[in-house]
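Participant: Generate coordinates for the sequence data below:
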Amino acid sequence: MASRFDVGFIDEDVFNAYASPENKISIYQGIAKYIQTEDELAAIIGHEMGHHISKHLDKGAQNT
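Facilitator: The predicted model follows:
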């Protein structure tokens, strides 16, 4: 079953992206300004999707 992801940008000069509950992915402007190709953006989004698919968010919640 395919999942849908809500991808958003945060207008802060931070070099980071993160996955959060409910299939949300956030990319900071600080990292976005270094993206030069669609493939690079896809790699970042794919990495964050991997956290959701691997249920890393659930495991992190259990550890806190």
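Participant: which residues are contacting stretch 4-21?
Facilitator: 22-32, 34, 44-45, 47-49, 51-52, 56-57 (Cβ atoms under 8 Å, 6 or more residues apart in numbering). All C-beta atoms are positioned from the backbone trio N, CA, C, and that covers glycine.
Participant: any idea which helix is longest in this protein?
Facilitator: helix 38-53 (DSSP state H).
Participant: Buried residues in that one, which are they?
Facilitator: 41, 44-45, 48-49, 51-52 (16 or more other Cβ atoms under 10 Å).
Participant: Would you convert these into CSV that also reports pLDDT and distance to residue 4?
Facilitator: Formatted as CSV, the buried residues of helix 38-53 follow (pLDDT from 0 to 100; distance: Cβ to Cβ, whole Å):
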residue, pLDDT, distance to residue 4
41, 96, 18
44, 97, 18
45, 96, 13
48, 93, 14
49, 92, 11
51, 88, 16
52, 87, 11
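Participant: can you list these in a markdown table and add distance to residue 9?
Facilitator: A markdown table is the format used below for the buried residues of helix 38-53 (distance: Cβ to Cβ, whole Å):
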| residue | distance to residue 9 |
| --- | --- |
| 41 | 11 |
| 44 | 11 |
| 45 | 11 |
| 48 | 13 |
| 49 | 16 |
| 51 | 18 |
| 52 | 18 |
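Participant: Tell me the one of the residues you listed nearest residue 3?
Facilitator: residue 52 (7.0 Å; Cβ to Cβ).
Participant: With residue 37 as the reference, measure out to that closest one.
Facilitator: 23 Å (Cβ to Cβ, to the nearest Å).
Participant: can you check residue 22 too?
Facilitator: 29 Å.
Participant: Which other helices and strands does the longest helix of the chain contact?
Facilitator: strand 17-20, strand 24-28 (3 or more Cβ pairs under 8 Å, 6 or more residues apart in numbering; DSSP states H and E).
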